[in-house]
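Q: I'll drop the sequence and a predicted model, then ask my questions.
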Amino acid sequence: MQTIFYTDLLLGTIARQSVRGTIWTYLGVGVGVVTTFFVLTRFLTAEEIGLARVLIDAATLFIGLAQLGTSTSIVRFFPYFNEKGKQAVDSSPSDRETSADQYHGFFFWTVVIPLVGFCVFALVYWLCRIPISNYFQEKSPLFVNYFYFVLPLAFFMLYQLVFETSSNVLLRTVFPHSVVREFLVRVLLLVLYLLYAKRVLSLDGFVIGLCCVYAVAALCNIVYVFATEHISLRPDFSFPTRELVVNYLRYTGFLILSAAVTVFAPLLSSFMVSAQMGLEYNGIYTIALNIAVLVSIPARSMGAVAQPQLATAIKNDDMPAASVLIRQVSGSLLLVGSFLFLAIWINIDLIFYVLPNGSTYSLAKNAVFFLCLTQLLMTAFSILLPAINYSRYYYISLIFSLLLTVSLVLLNNLLIPRFGVDGAAMAMVTGQSLYFAGLLVFLLLVARINPVGLKHLGIFALLAVVLLANYVWTKYLSGMICNIWVDSILRSVVLLCPALWVGYRAGLSPEINFQIDKHIFKKH
């Protein structure tokens, strides 16, 4: 019965919120496309793009450590603090105080623990200023000039994430995740880039403005949480049992170490390209990455909604429900991500043709392919790591994360000197492929969670067939078509439309078919 419950929940809460969230996310994508295609590449140099990227990446790495595992701990331990809150009644004004206390001081700890972590790692960051500066000084001296701006940027990004995650566990994901993170931040960044492009702001003002963008995002999330939920920041020292505290400390200890490598791994290529090749090449890599991340858009909404439900299923030791939930989420995301990947790669020449200064950024054409494949894997299987983190085997994630980081360091050092930006992308897809393969095997054999099915294989087969057809078209037919616009449009129609039909008729994602039948064909 619980398995059926979680299946219905996926088609209900997750589907509804992910659809609304995806609408906002795609609006943000529209803003991002305008930013990338008409502002960044036209008005900013590759070095300036690289500077903005490395500052954000450095702040992201910082908060991955400073949060002390809070973003994951919030999701994992909220069901324990909310056990009595499930029965709370707040239907009248007299019950508001009871409603505010129903979480037993949970949100007090979500604010205080990251603050402690920020202070500790700010001191560590300051102590490491000399070795970090020496690493970047030769190829990326501009980053060294703005070394200390990472701290305020990281502080605002940290509390944007904390209150976004708090909203997620309260099943309010659309505003903090989709509206703020995916839409508002992109709009504010677009305004910032335009002000800098028109020289209203100096480079110093641009970096300060970058910090202000995330300050606004954090403030919006804070106001939203307190405006929509009756929560309190008052501590409740009587509630957490000794066993719960010990479990939290043990879990968080492993999580801090895991975060040190998990957060660092995706950013490693950016740092190493900056240090070994310079900010200009990191700017080229950033544009390639900005194109590739379009593949992961659906995961940003659905994953945020699904994780609290996954945590509850695993807490209740309902592994069949967890397996169903993971297969449904990952299968749907894999199918949607595959078509986004195909749409990008089929039209990649047109993209660089339209892109201002496209001849400069087309150096990363092959990197786009590898980064799209990386994003596809992360889109489909990123839910596997939370599945381990929420289980009693959470400590295993540290081993996998360490292996991922070591492999990426070795691969980047091997491939960047030989292939440049393409080598960084090749290192990323190779490392992530090995990482997710390990997670799949572990979940299946040890945790009793079956995360994949035959439909996943069908989706990969369909993707491979269309990629092969696109290669044949490019090699033998594109030369016969003089106009690049006509070639891209014809290829998109001839290759994508039959693939869409096959995906629907084969039922590669029953959840997507259900939504199509319900909202388009009105069958339900």
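A: It's in. Numbers count the residues shown, from 1 in each chain.
Q: residue 376 and residue 293: what is the separation?
A: Distance, residue 376 to residue 293, by Cβ to Cβ, to the nearest Å: 11 Å. (Each C-beta comes from the backbone N, C-alpha and C, glycine too.)
Q: for residue 25, same thing?
A: Distance from residue 25 to residue 293, by Cβ to Cβ: 11 Å.
Q: likewise for residue 31?
A: Following Cβ to Cβ, the distance that separates residue 31 from residue 293 is 14 Å.
Q: coming back round to it: okay, residue 376 and residue 293: which has more neighbours?
A: A direct count of neighbours by other Cβ atoms under 10 Å for residue 376 and residue 293 places residue 376 higher, at 27 against 18.
Q: contacting residues for that one?
A: Residues near residue 376 by Cβ atoms under 8 Å, 6 or more residues apart in numbering: 295, 296, 334, 337, 338, 341.
Q: same thing but 6 Å
A: By Cβ atoms under 6 Å, 6 or more residues apart in numbering, the residues touching residue 376 are 295, 337, 341.
Q: let's see which of those end up in helices.
A: Those of those mapping onto helices are 337, 341, per DSSP state H.
Q: most neighbours out of the contacts of residue 376, which is it?
A: With neighbours defined as other Cβ under 10 Å, the most crowded of the contacts of residue 376 is residue 295; it has 29 neighbours.
Q: which SS state does the residue nearest to that residue when sequence neighbours are not counted fall under?
A: Leaving aside its chain neighbours, residue 295 sits nearest to residue 375 (4.1 Å; criterion: Cβ to Cβ, 6 or more residues apart in numbering). Put simply, residue 375 is helix when judged by DSSP: H, G, I helix; E, B strand; the rest coil.
Q: number the residues from 55 up from this point.
A: In the new numbering, first residue 55, that becomes residue 429.
Q: would you agree residue 429 is in contact with residue 351?
A: No. At 9.4 Å, residue 429 does not count as touching residue 351 under the criterion of Cβ atoms under 6 Å.
Q: quick check: residue 474 vs residue 427, distance?
A: 18 Å.
Q: those two: which is more packed in?
A: residue 427 (22 against 19).
Q: pull the contacting residues for that one.
A: residue 483.
Q: against residue 536, how distant is it?
A: Taking Cβ to Cβ, one finds residue 427 at 31 Å from residue 536.
Q: same question for residue 388.
A: From residue 388 over to residue 536 (counting by Cβ to Cβ), the distance is 36 Å.
Q: those two: which is more packed in?
A: Set residue 388 next to residue 536 and count neighbours by other Cβ under 10 Å: residue 388 wins out with 25 against 8.
Q: right, and the more buried one touches residue 434 too?
A: Yes. Judged on Cβ under 6 Å, residue 388 makes contact with residue 434 at a distance of 3.7 Å.
Q: so where do the helices sit in the stretch 105-254 of the chain?
A: 124-135, 150-155, 160-181, 183-191, 195-199, 204-223, 239-251 (DSSP state H, counting those that start in this stretch).
Q: try the stretch 255-404 of the chain
A: Along the stretch 255-404 of the chain, counting by DSSP H, counting those that start in this stretch, helices occupy 257-282, 296-316, 318-331, 333-346, 351-369, 373-400, 402-408.
Q: packing partners of the first one?
A: Contacting helix 257-282 under the criterion 3 or more Cβ pairs under 6 Å, 6 or more residues apart in numbering; DSSP states H and E are the following elements: helix 204-223, helix 239-251.
Q: tabulate those helices (CSV), appending mean pLDDT and distance to residue 230.
A: As requested, the helices and strands packed on helix 257-282 are exported to CSV (pLDDT from 0 to 100; distance: least, Cβ to Cβ, whole Å):
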stretch, mean pLDDT, distance to residue 230
helix 204-223, 88, 4
helix 239-251, 94, 11
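Q: ranking these by burial, who's on top?
A: For those, the largest average neighbour count (mean count of other Cβ atoms under 10 Å) is found in helix 204-223, namely a mean of 24.
Q: alpha carbons of that helix, as PDB, please.
A: The C-alpha trace of helix 204-223 is given here as PDB (Å, rounded to 0.1, in the frame of the first residue of the first chain):
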ATOM      1  CA  VAL A 204      34.400  35.200  -2.300                       C
ATOM      2  CA  LEU A 205      33.400  35.500   1.400                       C
ATOM      3  CA  PRO A 206      30.400  37.900   1.100                       C
ATOM      4  CA  LEU A 207      29.300  36.100  -2.100                       C
ATOM      5  CA  ALA A 208      29.500  32.800  -0.300                       C
ATOM      6  CA  PHE A 209      27.600  34.000   2.800                       C
ATOM      7  CA  PHE A 210      24.600  35.200   0.700                       C
ATOM      8  CA  MET A 211      24.600  32.000  -1.400                       C
ATOM      9  CA  LEU A 212      24.800  29.900   1.800                       C
ATOM     10  CA  TYR A 213      21.600  31.300   3.300                       C
ATOM     11  CA  GLN A 214      19.800  31.300  -0.100                       C
ATOM     12  CA  LEU A 215      20.400  27.600  -0.100                       C
ATOM     13  CA  VAL A 216      19.500  27.000   3.600                       C
ATOM     14  CA  PHE A 217      16.100  28.700   3.300                       C
ATOM     15  CA  GLU A 218      15.500  27.100  -0.100                       C
ATOM     16  CA  THR A 219      16.000  23.700   1.400                       C
ATOM     17  CA  SER A 220      13.800  24.600   4.400                       C
ATOM     18  CA  SER A 221      11.000  25.400   1.900                       C
ATOM     19  CA  ASN A 222      11.600  22.100   0.100                       C
ATOM     20  CA  VAL A 223      10.900  20.000   3.200                       C
END
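Q: what about that helix, distance to the chain center?
A: The chain centre lies 14 Å from the centre of helix 204-223; the measure is Cα atoms, centre = their mean, to the nearest Å.
Q: now do that helix and helix 257-282, the angle between them.
A: For helix 204-223 against helix 257-282, the angle by axes from the mean of the first three to the mean of the last three Cα atoms, to 10 degrees is 20 degrees.
Q: ok, now which ones touch residue 425?
A: Counting by Cβ under 6 Å, 6+ apart, residue 425 has contacts 342, 343, 346, 479.
Q: how many residues are close by the last one?
A: Using other Cβ under 10 Å, the number of residues around residue 479 comes to 29.
Q: which strands and helices lie in contact with the helix or strand where it lies?
A: Here residue 479, judged by DSSP states H and E, is contained in helix 475-499. Secondary-structure packing of helix 475-499 (3+ Cβ pairs under 6 Å, 6+ apart): helix 318-331, helix 333-346, helix 419-435, helix 450-473.
Q: how does it look with 10 Å?
A: helix 318-331, helix 333-346, helix 373-400, helix 419-435, helix 438-443, helix 450-473 (3 or more Cβ pairs under 10 Å, 6 or more residues apart in numbering; DSSP states H and E).
Q: hmm, back to that, so which of the helices and strands packed on helix 257-282 gets nearest residue 114?
A: helix 204-223 (6.9 Å; Cβ to Cβ).
Q: mind giving me the packing neighbours of that closest one?
A: Helix 204-223 is packed against helix 100-120, helix 124-135, helix 160-181, helix 257-282, helix 351-369, with contacts defined by 3+ Cβ pairs under 10 Å, 6+ apart.
Q: could you find the closest non-adjacent residue to residue 342?
A: Nearest to residue 342 is residue 418, by Cβ to Cβ, 6+ apart, at 3.8 Å.
Q: distance to residue 488 for the helices of the stretch 105-254 of the chain - can I get that in CSV?
A: Listed next are the helices of the stretch 105-254 of the chain as CSV, based on distance: least, Cβ to Cβ, whole Å:
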stretch, distance to residue 488
helix 124-135, 22
helix 150-155, 47
helix 160-181, 29
helix 183-191, 26
helix 195-199, 30
helix 204-223, 27
helix 239-251, 32
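Q: of those helices, which is nearest residue 95?
A: Short answer: helix 239-251, nearest of the helices of the stretch 105-254 of the chain by Cβ to Cβ, at 10.7 Å.
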